[in-house]
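Q: Please find the sequence and the predicted model below.
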Amino acid sequence: MAPKRKHAFGGKHKGRQKRKKLNLITLRQKQDIKQFGELHPVDTSDNVKSYTKVTEESFIEPGTEPAYVSSSEESDSEMPALKELMAEIGVKQEEPESEQESEEESEGSDNENIEENGEENSSENEQALEDGQKFINDTDGNDSESDENNDEISDFSDEENQSLKASEQSLAGDIYENASDDSNDEMEDESEIFLKESDPFTKHFEHERDMASLFENNKMKWNKQELKIPVVGDSLLMFKYSGELVKPETSTDLIKQHVKKKICCQAVETNSKLANVILKRGDTLTPLQKHLFSIFNAYQDIFYTKQTHANTEEIRTVYCIHVLNHVLKTRARIIAHNCKIKQNKNPDADVDVEYRDQGLTRPKVLIILPYRDRALKVVNMLISLLLGSEQANVSNLKRFEGEYSELEESGLAEKAYKPEDFKRLFEGNTDDNFRIGLSVSKKSLRLYSPFYESDIILASPLGLRMIIGLEGDKERDFDFLSSIEVMIADQVDVFLMQNWDHFLHTCKHLHMQPRESHGVDFSRVRMWSINGWSKHFRQTLMFSSVLLPEILTVFNKHCHNYAGKVLVQRNNLSGSIKSSVSDAPQIFHRISCDNPDSLSQRKAKFEYLKKKIIPYHTSAGMKQTLIFCNYFSFVQLRNFLRESEIDYLFMNEYDTEQKMRNARIHFRKRHPHFMLYTERLHFHYRFRLRGIHHIVWFDLPQYPHFYSEIVNLMETSRQACTTTTLFTKYEAQRLAEVVGSKQAALMVNSEKAVNMITVS
């Protein structure tokens, strides 16, 4: 018969001492918790128990419970041993239902009598010992039997104790190693939380000077200063407060420019993979990106007018770096202030400090884009910069990719005759009605978050207009625009080809007084936001391929940044007329007009057209004349030709494809006198019209390369062709884009109102 297995602790006396020792350590831990607070792992080289009081500077993510982990190997190893012992003897240790019950139990045990040997007795421990003794007596029989077999039991218990000790040490080592890693992470977090006073973010948004006298003085004019920024080009710096100008950082190191380390590490990879940029060895950004980011990081406004399809992704990457850096800094500032507020909750402390770090609503960044495909590219860049090679924790990513990617092939690549800029512009999903909120944390990105829980909002002008609505609408909302700190308008020139009024409507509703509180803590709202000065702190970044009066008006009237704003100029233009291969004479008529308003210019040109141009082109030899204009001029000209009963056709962007096809066929075969053709239609379709013999440019094109494209479509081989252009002195910039800067200056200031250019 096999010998009866004795208990591992070798008798009741030895087992009782072991259990008392374990229980004694546990109670001491409770006493230390009561005295020092929650336990935090500390890197110690010896076996002496050491604890650090958890301060509020050690940030704990909301919704997570603190881990009560001892810092010494001894306590780490004894805790699992106690659990194994209690499970082995059949006693279940009941967990306190709440922190209050736990505290009451620890207080009760502390008030018990302490014996000479230092053992602390509590009702819970005594019950556990009694249950354990009863279990041992039932197993071993009686005391005499255990005494007889004392040697055998002692040997057996030593083996068990050694194996138990080894397992405990292994488990304690794992716990301690993990605790040390967590400690290092939190120490790294603390270094990222607190911002330096020299940080441009701190200087701009936590301004300590009294700016009331400056902001409330509406009569102050913008001072202008010419700048020559390398790579960017000739620029114009405009400012009202010379004492508030910040000199952009010239350092090429992003770390020195106070960019988050995580972003700096991912900038090179994002540039190479998503922007297709070839960087020099050791560089993080291209020369263009470096100089643009120095302006971004100084929190100055900028209107960059030299965007092309070649550098669009390059520019998009650098403003994504700026946006993400701004959001993470704002989050770090709020976390740091939360920690300080928790520290100051001590009733004995006489501290009355206000921490102003928020706006009236949470959204801080607004990025306005023309198409869904651009939003997809921006989100991919943000994910790459935020998460990089780590496992991407992006919520709703599959849904986002399904809604914002191209579902079917557009077929643009097969149409070889389409220009390269057209293919690049209309690649991907070209839906212009979208809006999406993004919530950013340290290691995750949440897509489709509600606007009032979002840090970044991506939207098109139409998508925003659908939410903002009109005055009197029942369902309209614009409170989420009340605290925008950075607004980015990418490819602004495309907005003019969609509906410019939508973009203007959004600009007018920025920083308006919210109609609801939306759960804001007014004690944390910045004073300049409460005072209604948010527009003076907002940074606006605008990017366009052309310099147009409509965009310049928005830059002048809706950008009030006290740190100043930079206008990148387009000087020394060669003119797109040099790209035309037609040798037909190109005549330019300067129309006198005293009012720069677009309506006044349109009226002056319309009167000149009726008196000088139409009578000449209605002759028999001037058939098949194409009149190029924008949509507003199109309506006026169509009504005039219809009333005058002149033979004409028309095409505009609102026609069906069947109507446009029939109009193109009739213009080529039926030989009407006039064809009305809008610029927006040419922008979206780039038709290769056949049968053009003469061209009248009632409006100069927004995109200068449209001029050479259409001029090259004339059939000069069959008969003599002509080109006639109408312009006013207020359209000097558009004229310079077509004929060149020097030629435009001569034509605007010339005594002659009619000039002819021949390209040979």
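A: Cool, got the structure.
Q: Now do the buried residues in the helix or strand where residue 293 lies.
A: Secondary structure assignment for residue 293, by DSSP states H and E: helix 287-297. With burial defined by 16 or more other Cβ atoms under 10 Å, the residues of helix 287-297 counted as buried are 288-297. Where C-beta positions appear, they are placed from N, C-alpha and C, glycine not excepted.
Q: how about residue 702, what does it touch?
A: 493, 496-497, 546, 548, 679, 734 (Cβ atoms under 8 Å, 6 or more residues apart in numbering).
Q: rerun at 7 Å
A: By Cβ atoms under 7 Å, 6 or more residues apart in numbering, the residues touching residue 702 are 493, 496, 546, 548, 679.
Q: tell me the domain boundaries of the protein?
A: The chain is divided into the following domains under automatic domain parsing: 12-193, 200-344+361-407+414-568, 576-757.
Q: SS state for residue 382?
A: The assignment at residue 382 comes out as helix when based on DSSP: H, G, I helix; E, B strand; the rest coil.
Q: I'd like to know how far it sits from residue 458.
A: The spacing between residue 382 and residue 458, counted by Cβ to Cβ, to the nearest Å, is 10 Å.
Q: List phi and psi for residue 538.
A: With angles defined as degrees, to the nearest 10, residue 538 shows backbone torsions of phi -70, psi 140.
Q: Kindly report the same for residue 542.
A: Dihedral pair for residue 542: phi -120, psi 140, per degrees, to the nearest 10.
Q: Residue 595 too?
A: The phi and psi values for residue 595, taken as degrees, to the nearest 10, are phi -120, psi 130.
Q: Determine the number of other residues adjacent to it.
A: Taking other Cβ atoms under 10 Å as the neighbour definition, residue 595 ends up with a count of 12.
Q: so who does the closest residue to it other than its chain neighbours touch?
A: Here the nearest residue to residue 595 in space, its sequence neighbours aside, is residue 601; by Cβ to Cβ, 6 or more residues apart in numbering that works out to 7.5 Å. Residue 601 makes contact with 593, 728, 730 under the criterion Cβ under 7 Å, 6+ apart.
Q: Ok, residue 246 next?
A: 200, 203, 298, 563.
Q: wait, isn't the third one in contact with residue 245?
A: No - in this structure residue 298 lies outside contact range of residue 245 using Cβ atoms under 7 Å: 9.0 Å.
Q: Looking only at neighbour counts, state which of the two leads.
A: In terms of neighbours (other Cβ under 10 Å), residue 298 is the more surrounded of residue 298 and residue 245; the figures are 21 against 17.
Q: So what are the sheet partners of whichever helix or strand comes after the helix holding residue 293 and their directions?
A: Stepping forward along the backbone from helix 287-297, the first helix or strand reached (DSSP H and E) is strand 301-304. Sheet partners assigned to strand 301-304 using DSSP bridges are listed as strand 539-543 (parallel), strand 565-568 (parallel).
Q: now those as JSON lines including mean neighbour count and distance to residue 577?
A: As requested, those are arranged in JSON lines below (neighbours: other Cβ atoms under 10 Å; distance: least, Cβ to Cβ, whole Å):
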{"stretch": "strand 539-543", "mean neighbour count": "24", "distance to residue 577": "26"}
{"stretch": "strand 565-568", "mean neighbour count": "22", "distance to residue 577": "23"}
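Q: and those as TSV, adding distance to residue 207?
A: Putting the strands paired with strand 301-304 into TSV (distance: least, Cβ to Cβ, whole Å) gives the following:
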stretch	distance to residue 207
strand 539-543	14
strand 565-568	17
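Q: so which of those comes closest to residue 586?
A: strand 565-568 (29.3 Å; Cβ to Cβ).
Q: next one: the closest one to chain centre, how far?
A: Between the centre of strand 565-568 and the centre of its host chain there is 22 Å, according to Cα atoms, centre = their mean, to the nearest Å.
Q: ok, now stretch 544-551?
A: The chain centroid and the centroid of stretch 544-551 are separated by 24 Å under Cα atoms, centre = their mean.
Q: How about stretch 453-464?
A: 10 Å.
Q: Also stretch 235-244?
A: Taking Cα atoms, centre = their mean, the mean C-alpha location of stretch 235-244 is offset from the chain mean by 27 Å.
Q: which residues sit against it?
A: Here stretch 235-244 makes contact (Cβ under 7 Å, 6+ apart) with 214, 220, 222-227, 229, 245, 562-569.
Q: before we move on, back to that, quick one, which of residue 382 and residue 458 is more surrounded?
A: Neighbour tally, residue 382 and residue 458, criterion other Cβ under 10 Å: the higher count belongs to residue 458, 26 against 23.
Q: Next, work out how far apart that one and residue 437 are.
A: The span separating residue 458 from residue 437 equals 8 Å under the rule Cβ to Cβ.
Q: Among the contacts of stretch 235-244, which ones are in strands?
A: If you go by DSSP state E, those have 223-227, 229, 565-568 in strands.
Q: Export those as JSON lines, with columns for pLDDT.
A: Listed next are these as JSON lines, based on pLDDT from 0 to 100:
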{"residue": "223", "pLDDT": "92"}
{"residue": "224", "pLDDT": "93"}
{"residue": "225", "pLDDT": "93"}
{"residue": "226", "pLDDT": "93"}
{"residue": "227", "pLDDT": "92"}
{"residue": "229", "pLDDT": "93"}
{"residue": "565", "pLDDT": "95"}
{"residue": "566", "pLDDT": "96"}
{"residue": "567", "pLDDT": "97"}
{"residue": "568", "pLDDT": "97"}
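Q: export those to JSON lines and tack on distance to residue 746?
A: Shown next, in JSON lines, are the ones in strands among the contacts of stretch 235-244 (distance: Cβ to Cβ, whole Å):
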{"residue": "223", "distance to residue 746": "31"}
{"residue": "224", "distance to residue 746": "25"}
{"residue": "225", "distance to residue 746": "28"}
{"residue": "226", "distance to residue 746": "23"}
{"residue": "227", "distance to residue 746": "27"}
{"residue": "229", "distance to residue 746": "28"}
{"residue": "565", "distance to residue 746": "31"}
{"residue": "566", "distance to residue 746": "29"}
{"residue": "567", "distance to residue 746": "24"}
{"residue": "568", "distance to residue 746": "25"}
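Q: Which one of the residues you listed is nearest to residue 256?
A: Nearest to residue 256, judged by Cβ to Cβ, of the ones in strands among the contacts of stretch 235-244 is residue 229 at 19.2 Å.
Q: Quick one: residues contacting the closest one.
A: Here residue 229 is in contact with 235, 291 (criterion: Cβ under 7 Å, 6+ apart).
Q: low pLDDT regions in the stretch 301-450 of the chain?
A: Low-confidence regions of the stretch 301-450 of the chain, defined by pLDDT under 70, span residues 346-352, 389-392, 407-416.
Q: which stretches of it form strands?
A: Counting by DSSP state E, counting those that start in this stretch, the stretch 301-450 of the chain has strands at residues 301-304, 365-368, 394-395, 435-440, 445-447.
Q: want to throw the ones you listed into CSV with distance to residue 534 and mean neighbour count?
A: Converted to CSV, the strands of the stretch 301-450 of the chain look like this (distance: least, Cβ to Cβ, whole Å; neighbours: other Cβ atoms under 10 Å):
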stretch, distance to residue 534, mean neighbour count
strand 301-304, 14, 24
strand 365-368, 12, 24
strand 394-395, 30, 16
strand 435-440, 20, 21
strand 445-447, 25, 21
